Every structure is written in structure tokens, then in C-alpha cells.
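Enquirer: only geometry, no sequence info:
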């Protein structure tokens, strides 16, 4: 039994101009620790003026840091190093996972690093399993570092979801540090993805092991939704709509329980094959589909192994745009083999499809995405130090400017009116114009125009 455990999200600011996301991964860890700790605090430094030492107490015997992003590394190191060496200090998160030796070397007080998913590792630790017997854990042993074998990716568990009563903060949608007054939560109903898009590395652990899709039961999902007080919920699932019969059951349970919220999800275009379920999703409160389209060129879609071409995309949108759901499309600017003229086709293609909002991102290489092999086969393409991909015929600065220009051109006055109409039809407009919304007129459009966080599918 731990006396006091402190879990810290050690970042001051988000990358984007908008903010609403709780540190869900850290909250999962907190849920595991809770039965084994007399006291537990989860601290999000984005909402605090204090630093980590201010939350330590004489009883603190473990501190957990979520190290997910490679930014403000010196600040992270200061926070970690501020923990006295007699307190067990544990790191987790994707960035810590990718290079645990770096953190052991730069932070001598770090006792262990969780590699990959942390829930099962933490449960073993809390149960008193010897460190050397915990798969997926690296730990300091005297003057050396031991790396235990990789923990195999398991199925997601129905009963494991955050205890939101442990939160110290209300997470409201913010744009440029000003709150809309609309509370939002995020939700994990599944992990993994069955598809094999060549540019994607989200479903691989740092050793190249693919995570197969694993979903919680509809009953478990709706039970958690019933406990959430926020009226707006974003699903973190790479693909919420993989099993449409399951989605159908989730909608039935939401309607039976009378849960009244609005939901934003990542979906594949194949959702259009089930218009019956889409209609039920609208009734249950689903308001926005975030769709990975990626390119307006068939040659690129084939190379990506997306599983559809532009003709099929048009066919799917014949179904989707009949519905009231907001349609958000992800596109990549700078796909390998595309000319500037072909990249510019994104805009008329997006308009033809009837997309309400778009996200334009630059192609970036990450571990196990396979893009390094494609670049090696195309000598006129290159990497920046951060992994972004550019070519001899279009520099990284030119790609950024093209992305900016396309985005600016897309969001016309007419497009804003279209968004407003869709928000009215889905009920989102009423939510943002409610008395609790602090600045409704200022944020109705800013929220949707801002680049939406989430994985591209």
C-alpha cells in the first residue's frame, strides 16, 4: 500500500491554439493505482501555476510522470529532477518509451520507465511483483539499467476506465487561451486498427508490433458515458466505426438510457455502407465524423493502401452528405509523387465531396510508418530533422505556405454559413450558444476551423 502517489502531466501548454483534452492516459494509470494508495493526486500543470515539488508531501512515496511529447524537454527534466531521490520516480508515455536510456541518463533520480501501455505494468508494480519480473518495464539496478522483455499488447478491458471524480479541473473547450464555457471530455472505447495504411505508425509500439483492434463491450461504453457530466465527448479511438453492428448496439443503449450528449468520432468512409446505423447515430447524439481521406489522387491512395479510390470516395459521400452530421476531412499536403498542381486539387475535391471542415497536414515520418523506405526509393525526397518530408520541387517552406493558402481559401464566408447550418442541425450550435458558453459568437466557428486533434483514419 502506497501512502501517497502523485501523478503529473508535466506540460504547461498545448501545441494547438485550442485546448480541451484531459490527460486520459495518466488518468487510466491513476485508476489502476487507486486501490493500492491511501492518497492519490493527479496534477495537470497546464492548469497550475505551481510546480511538481509544491504537491509533494512527507508521505509521498511514488511520483509518476506522463512523458508523451518531445517538447520543452529541459522543463520536463527540471520537473522530474525536482523529486527527491528517496521517492520512487516512474516515467511513462510514448516519448519516454521510445528512448528510456536517455531519461535514465539525464535524470539520475528516475527509478523506472514503463515501455508501452502502462496499465498492466502498473498493476504488477502495485501488487508487489519484483521489478525484474515485470514485462515492459525498464529499471535502475545499482549502477546499471535493466530492460525487461516487451509486454505483449493485450485486449482492452471493459472495467478499466478513469475515475473522473479524481479530477481537480474542469476541461472546457478553449481557443487561444479563452474558454468557451463548454465542458468537453474524451473517451476510449477501443484501441488499435485493423487497416494497414503505409503512412501510419499509430498502431505500432516502438518495436514495430502492430496493435490489432480491440473494443470494449457496448454495455461498458454506455455505463461510462452515463457517468460523464460533460455535454460534449470526443472519442480517441483510431476507428470507432470498425464494427457497425457494435455501433448500432451502442446507439440503442444510449437511447434506452436517455443519455443526452454530443459525440465526435474518428470513422472510416465505409460507414456509408450502413445508412441505417448512421440514422440511429444521429438520434443518439453523434454529431461529427472525422474522416481520413488523405489525397485527391488515385495513385497516392493506392500507394497508401487506403482501400478506396476517388470514385469510391465520391460514392460514399453521396450517402454521407445526406445526413446532418458534420463531416471533417483529413488531407496530407506533400504526398510522395504528387506535384503542386495535384496537391491543389485537394480544395475542389473537398468542396465536391461536401466536407464542412478540413485538416491539412504535412507528411511526417515516424517509427514503423514505412515512409523511410518510400523516401529511400525516391532520391528527390528528403527528411527535415523533425521527420517532415519535402522534395526538390517543393521545399518545406513552400509546403507550409501551400497548406496555409489552401486552408485560408477553403474557409470562405459561405463555408462558415454551411458550418453554422450543420451545427444547428446537429445541436452543436445550441450547445455553444447556451448560457454556460462564455463567448459564443467568438468561438462557434473558431472551434471547428481549428485543426482537430486525433488520429488520421
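Expert: Arrived safely. Quick caveat, the model's predicted, so the values are computed rather than measured.
Enquirer: my guess is residue 184 contacts residue 230. True?
Expert: Yes. Using CB atoms under 8 Å as the test, residue 184 is close enough to residue 230 to be in contact (5.4 Å). Every residue, glycine included, has its C-beta placed from N, CA and C.
Enquirer: common neighbours of those two, please.
Expert: residue 171 (CB atoms under 8 Å, 6 or more residues apart in numbering).
Enquirer: how about the contacts made by the closest residue in space to residue 389 that isn't next to it in sequence?
Expert: Once flanking residues are discounted, residue 389 sits nearest to residue 363: 4.4 Å by CB to CB, 6 or more residues apart in numbering. Residues near residue 363 by CB under 8 Å, 6+ apart: 199, 332-336, 371, 388-389.
Enquirer: among these, which ones are in helices?
Expert: Among the contacts of residue 363, DSSP state H puts residue 371 in helices.
Enquirer: among the contacts of residue 363, which has the minimum pLDDT value?
Expert: Ranked by pLDDT, the contacts of residue 363 bottom out at residue 199 (64).
Enquirer: can you give me the buried ones in stretch 93-109?
Expert: Within stretch 93-109, the residues that count as buried by 16 or more other CB atoms under 10 Å are 93-97, 100, 103-104, 107, 109.
Enquirer: er, stretch 53-69 I mean
Expert: 55-56, 60-68.
Enquirer: now compare those and name the two farthest from each other.
Expert: Pairwise distances across the buried residues of stretch 53-69 (CB to CB) peak at 24.2 Å, for the pair 61 and 68.
Enquirer: how about the helices in the stretch 101-250 of the chain?
Expert: For the stretch 101-250 of the chain, the helices defined by DSSP state H, counting those that start in this stretch occupy 119-126, 218-227, 244-257.
Enquirer: measure how far stretch 253-267 is from the centre of its chain, please.
Expert: Here stretch 253-267 shows a centroid-to-chain-centroid distance of 19 Å under the convention CA atoms, centre = their mean, to the nearest Å.
Enquirer: first vs last residue of stretch 167-178, how far apart are they?
Expert: Using CA to CA, to the nearest Å, the end-to-end distance of stretch 167-178 comes out at 21 Å.
Enquirer: next: stretch 90-102.
Expert: Its first and final residues considered, stretch 90-102 spans 14 Å by CA to CA.
Enquirer: how about stretch 255-263?
Expert: End to end - CA to CA - stretch 255-263 spans 14 Å.
Enquirer: what of stretch 124-141?
Expert: This stretch, stretch 124-141, spans 18 Å end to end (CA to CA).
Enquirer: try stretch 124-140
Expert: In stretch 124-140, first residue to last residue: 17 Å (CA to CA).
Enquirer: which one of the contacts of residue 363 sits closest to residue 126?
Expert: residue 199 (37.9 Å).
Enquirer: need the contact list for the nearest residue to residue 137 once chain neighbours are set aside.
Expert: For residue 137, ignoring the flanking residues on the chain, the nearest one in space by CB to CB, 6+ apart is residue 148 at 5.0 Å. Residue 148 sits next to 131-139 when contact means CB under 8 Å, 6+ apart.
Enquirer: what about 7 Å?
Expert: Residues in contact with residue 148 (CB atoms under 7 Å, 6 or more residues apart in numbering) are 132, 134-138.
Enquirer: let me see the ranges of the strands in the stretch 51-200 of the chain.
Expert: 60-66, 88-92, 112-114, 137-141, 144-147, 172-175, 178-187, 190-191 (DSSP state E, counting those that start in this stretch).
Enquirer: and the shortest one, what does it pack onto?
Expert: Taking 3 or more CB pairs under 7 Å, 6 or more residues apart in numbering; DSSP states H and E as contact, the helices and strands that strand 190-191 lies on are strand 214-215.
Enquirer: repeat that for the second one.
Expert: Using 3+ CB pairs under 7 Å, 6+ apart as the contact criterion, the secondary-structure elements in contact with strand 88-92 are strand 60-66, strand 112-114.
Enquirer: as TSV, those with mean pLDDT and distance to residue 301 would be great.
Expert: Converted to TSV, the helices and strands packed on strand 88-92 look like this (pLDDT from 0 to 100; distance: least, CB to CB, whole Å):
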stretch	mean pLDDT	distance to residue 301
strand 60-66	97	35
strand 112-114	97	37
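Enquirer: alright, calling it a day.
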